[in-house]
Every structure is written in structure tokens, then in C-alpha cells.
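Engineer: Below is the structure, and that's it, no one-letter string:
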């Protein structure tokens, strides 16, 4: 009598010979599958090789085998296409061991069919960037360096069993900001500058650009997990995209929180993925764009001054017959120190009744202004008018019979002309400082012309006068170019530009 065990063994071998070990144990080839999602719903999900469409995002991609990688492509009108190669992995040797036990006859067919393989990940998130035609006047912005609001040494997650602590890395931060800047290409925003670049051939003009954007990371959490023999990262990011004026006045804040399972166990790639997903959301947000666009357009309108002109009487020239050197002691008396709770800067008297010219950034954010005259007399000043875009401000003190500086013709400047800068050094107690240099040319930034000179200045000199050898003001010290190997380059606002942008008239009588 044949035993039941023998019949079972023969049956197993017979089925094995005809159907293969994987089919035997599974009852049929199970489809290999993964899910594809995106920040954009309704994107077409395709196989690049045969253009087979699996559906629209989010969608499940299934294959009866996983014998070779699949290149997944996402497409949608007005969005940049994105693709990813979904690799395959060997599932191991259990079936192979059983085949060896049963003479391994159907092993090879099963291997070719991909019965021992699976896809690398069970989910795939592919963010897409919207492509738009730029407006006729795109919104110009400067992208500042990434701002971390996380404390140094704060725990931000785990990679495996090892705790992860926050440590600011300037190189990584630079890579993140370069990635952000690259993604701004072909969008509704026009990037003027990216991060803090200082070089001998490119002046960092971001302070004077229309709008600033600072990415500010508030919270970050990264937790690595092991799923289907591969490591992934569960990431969470809270971020503010802060739009400000060139003088740090907040215009609008786009707040966002991102969470995703990222197909990597690397910290840098995970953070980049979270930043990118949030950035695409920002770029695609019509409300944010409309707000910033309106601000930018309104700013352009305000350049056309509708304020009434202020007339100044032209003073007589203080220049003595002994030349400029003997006249400096008179000029210094007309230069003032502007003090407030946040610091100090310089300015100069332009009328006998107390009008003073200076830079807008010298007085920005302050209304309680003390004007220290050279004779150690201190008076309160009021702000008469400003032009932030051109970094100009006109102040007024309650005084009479002051000695104003003579305003000259900045258009007549030539390369090689000698100039003098008078202003307050960093240490106020040292009094006014005087330095000499030459005009090395004129440069244009953001449509504005500046006088370039090698005269030596300090931060406290901002708002002080640039004076020619006739004793006439031909410019206002505005900024200094800094960087390796480029010390000693100073820029001034031409005095004729300052008068025009503040709508000041000089009575020649």
C-alpha cells in the first residue's frame, strides 16, 4: 500500500516540475507594486520605456514581475516633467533552497520571470515645479542665506540607533540655498542675487534691491526607518518664507509644514527634499505671488515723487584762497553725527535753517534722533522725507545761522579727480575724521549710478559728504565694498541724484 506521504511527495514534485517553485508556494505570481504620489494631483504617471500610462497621481504601479528597473515619468501641462528610476532588489534564497531540494528544474524560468525580485521602494514621492510665463515685469527678489531657528545641539531625530543633533554647517547651508536659487529659475520671480556673495567683480547690492526673501527653518525632525530591507527617512519640516524690504521690514510671511517618507537615509538629501517640496508649494501659491507682485508694482509707482519741492538757498563758497587744506576746518563744522538707540552715522547741513542730508539706512527704524554738531551741541531732529530705494533721507533741526555745505555738480566729475570724505568714525569720541582719495569711475547697480572712489571710510561715515577740491559736495557716502583683497572701494550717491529723488531745489540766487 502506498503511503499518503509518498503520494504527497510525488504530487509536490509534479506540480513543481510544471509550475515552478515560486508559484507552488505562493499560489501564483504576486504583482510587485509601489505607490507614486506628488505635490501635484492629476499628473500622468508613465513608464518611460514603453510609454505605458499607469494613471494619474496618486496612483499604484503594479507589475507581475520586478526583473528589471522601471523609469517612472510624471508629466502635466505647465509643470516641469520629473522622472525616477525605480530599481529592483533580490528577495533572497528561500525559494532557491527549496528548488535545490526538488532538483531545481523550474528555478531558472522563475528567476528570469523576476520571482525572486521586488522593487526598491514601496512608495515614491516626486514633487513637480510649475512652469509659468514670467510677467512683463517679473518680481525681482534677492534670496538671503538660509536662517536656522533651531538651537545648536538640539536633538532633531535618529539615524538608526544614533541620536541626531543639530549642528550648523555653513557648507551644507550654502548647498541648500544654491538648490533653492536654482529652483527659482523659470518662475514668476526674478532672482537678483543668491545668498551673501562678495567678490571683486560683483558688488553685493542686496540691501538696495526691491524685495528680500529669507527661508527660516523653525523645526526639523528626521527619523530613519527600515522597511523591506531598505532604510528610509521620515522627515518633518516647519519653515517660514519671509519676504522683507531691503531694510528688514516684513512684507509677507508664507508659513508651511512638510512631512514625508523620503527614500534615503542621508540627512542632507532628506533636508533638501523637504525644502524642495515646501519651495514648490510657495512658488505655486497664487496668493503669495499676488501680494508680492502688488508690493513690487506699488514700489515702482512711488518712485515718481508727488511731494512738493523744498527750496534751499545756495550758500556762498567757504573755500579760502589758500586752498582746500585750509578750508577743511570750515567743512568739518558742517558735518554732523546722527545718534539713536541702535547706533550712529553721519550727515551734513545743507541749509542755514537746519536741513540735513544723510542715508536712509542711517536712520531707518528710528524716530528719536539726536544730531550732534561739531561744537558738541546736540539737537533733536525730525524726519522730513525719505527715499528708501535710493537710500536717502532729509532731516530738520530747529536752528538758524548754520554753516551749510556748498552743493556741486556731480555730473562734472572725471576719473582721477581728488575727493575728500568727512564723517564720524566707529568711535564717536574721536570726533570727525577726514580722508582723501580719487574718483576711479562710476558704476551702475540696479539701475542706479554711484560714484566709485578709493577714499577710506568706516561704517560711521555712512551719510557723510564726498567733497571735491572746490569744497563742494558731489556725493553722499553710501556703502563700502568689502571682501578678500578688495578693501578701500567706496561708493557714493551723486548729489544731483539725491536732490532729484528727494525733490529738493537749490535757489541759485
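Structural biologist: That came through, no problem. Quantities reported herein were computed from a predicted structural model and do not represent experimental measurements.
Engineer: hey, where'd the helices end up in this protein?
Structural biologist: 4-19, 21-26, 94-101, 107-113, 170-183, 267-283, 286-301, 324-332, 360-363, 495-501 (DSSP state H).
Engineer: what is residue 163 paired to in the beta sheet?
Structural biologist: Under the criterion DSSP bridges, residue 163 forms beta bridges with residue 158.
Engineer: so it touches residue 221, yeah?
Structural biologist: No. Taking C-beta atoms under 8 Å as the definition, residue 163 is not a contact partner of residue 221, at 11.9 Å. The way it works is simple: take the backbone N, C-alpha and C, and place the C-beta from them, glycine included.
Engineer: between these two, who's got more neighbours?
Structural biologist: Neighbour count, other C-beta atoms under 10 Å: between residue 163 and residue 221, residue 221 has more, with 15 against 10.
Engineer: Quick check, that one in contact with residue 154.
Structural biologist: No. Using C-beta under 8 Å, residue 221 is not in contact with residue 154, being 10.4 Å away.
Engineer: And the pLDDT at residue 132?
Structural biologist: With respect to pLDDT, residue 132 has a value of 67.
Engineer: The chain should start at 59 in everything you say after this.
Structural biologist: Sure, I'll start counting at 59 from here, so that last one is residue 190.
Engineer: Relative to the lengthiest strand in the chain, what are the paired strands and their orientations?
Structural biologist: Using DSSP state E to define each element, the chain has its longest strand at strand 269-285. Applying DSSP bridges, strand 269-285 is found paired with strand 197-201 (parallel), strand 205-206 (parallel), strand 213-217 (parallel), strand 288-302 (antiparallel).
Engineer: Report the beta-bridge partners for the most centrally placed residue in the chain.
Structural biologist: Centrality entry for the chain: nearest residue to the mean C-alpha point is residue 201, 2.2 Å, by C-alpha atoms, centre = their mean. Using DSSP bridges, the bridge partners assigned to residue 201 are residue 252, residue 271.
Engineer: separation between it and residue 103?
Structural biologist: Separation of residue 201 from residue 103 (C-beta to C-beta, to the nearest Å): 32 Å.
Engineer: returning to that earlier point: who touches both of residue 221 and residue 279?
Structural biologist: Shared contacts of residue 221 and residue 279, defined by C-beta atoms under 8 Å, 6 or more residues apart in numbering, comprise residue 215.
Engineer: What residues does the nearest residue to residue 353 once chain neighbours are set aside make contact with?
Structural biologist: Leaving aside its sequence neighbours, residue 353 sits nearest to residue 309 (C-beta to C-beta, 6 or more residues apart in numbering; 5.6 Å). Residues near residue 309 by C-beta under 8 Å, 6+ apart: 269, 301-303, 349-350, 353.
Engineer: which one of those is nearest residue 552?
Structural biologist: residue 303 (23.3 Å; C-beta to C-beta).
Engineer: Am I right that that closest one is in contact with residue 271?
Structural biologist: No. Residue 303 is beyond contact range of residue 271, at 11.4 Å (criterion: C-beta under 8 Å).
Engineer: the more surrounded of these two?
Structural biologist: Taking neighbours as other C-beta under 10 Å, residue 303 and residue 271 compare with residue 271 leading, 22 against 18.
Engineer: In CSV, list the strands paired with strand 269-285 along with distance to residue 422 and mean pLDDT.
Structural biologist: Output for these, formatted as CSV (distance: least, C-beta to C-beta, whole Å; pLDDT from 0 to 100):
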stretch, distance to residue 422, mean pLDDT
strand 197-201, 17, 82
strand 205-206, 20, 93
strand 213-217, 36, 91
strand 288-302, 12, 90
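Engineer: Quickly compare these and say which is most buried.
Structural biologist: Ranked by mean neighbour count, the strands paired with strand 269-285 are led by strand 197-201 with a mean of 21 (mean count of other C-beta atoms under 10 Å).
Engineer: So which residues make contact with that strand?
Structural biologist: 235, 238-239, 242, 246-253, 264, 267-271, 273, 301, 304, 347, 350-351, 354.
Engineer: which of those are buried?
Structural biologist: Buried members of these, counted by 16 or more other C-beta atoms under 10 Å: 235, 238, 242, 246-253, 264, 267-271, 273, 301, 304, 347, 350-351, 354.
Engineer: what is residue 503 paired to in the beta sheet?
Structural biologist: Going by DSSP bridges, residue 503 is paired in beta bridges with residue 506.
Engineer: number of nearby residues for it?
Structural biologist: Neighbours of residue 503 under the rule other C-beta under 10 Å: 15.
Engineer: pLDDT wise, what is the nearest residue to residue 446 once chain neighbours are set aside at?
Structural biologist: Of all residues not flanking residue 446 in the chain, residue 418 sits nearest, at 5.0 Å (C-beta to C-beta, 6+ apart). Predicted confidence (pLDDT) for residue 418: 92.
Engineer: Kindly report the same for the one 10 residues further on.
Structural biologist: Per-residue confidence (pLDDT) for residue 428: 93.
Engineer: before we move on, what about the one 10 residues further on?
Structural biologist: Residue 438 is assigned 94 on the pLDDT scale.
Engineer: who's in contact with it?
Structural biologist: Counted by C-beta under 8 Å, 6+ apart, residue 438 has contacts 426-429, 455-456.
Engineer: Tell me the one of those residues nearest residue 405?
Structural biologist: The closest of the contacts of residue 438 to residue 405 turns out to be residue 429 (C-beta to C-beta; 7.3 Å).
Engineer: hang on, the earlier thing: ok, the residue nearest to residue 446 - contacts?
Structural biologist: Taking C-beta under 8 Å, 6+ apart, we find residue 418 in contact with 305, 444-446, 448-451.
Engineer: go with 10 Å
Structural biologist: By C-beta atoms under 10 Å, 6 or more residues apart in numbering, residue 418 lies in contact with 266, 304-305, 441, 444-452, 521, 536.
Engineer: again, but for residue 311
Structural biologist: 272, 274, 298-302, 346 are the contacts of residue 311 under C-beta under 10 Å, 6+ apart.
Engineer: ok, which pair from those is furthest apart?
Structural biologist: Spatial extent of the contacts of residue 311 (C-beta to C-beta) is set by the pair 274 and 346 at 15.1 Å.
Engineer: before we move on, the earlier item: I would like a ChimeraX command selecting only the buried ones among the contacts of residue 418, please.
Structural biologist: With 16+ other C-beta under 10 Å as the burial test, the buried ones among these are selected in ChimeraX as follows:
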select :266,304,444,445,446,447,448,449,450,451,452,521,536
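Engineer: just the contacts of residue 418: which has the poorest pLDDT?
Structural biologist: Lowest pLDDT of these: residue 266, 49.
Engineer: quick one: residue 553 and residue 535 touch, right?
Structural biologist: No. Between residue 553 and residue 535 there is no contact under C-beta atoms under 10 Å: 11.5 Å.
Engineer: Any idea what residue 535 is bridged to?
Structural biologist: Here residue 535, judged by DSSP bridges, has bridge partners residue 550.
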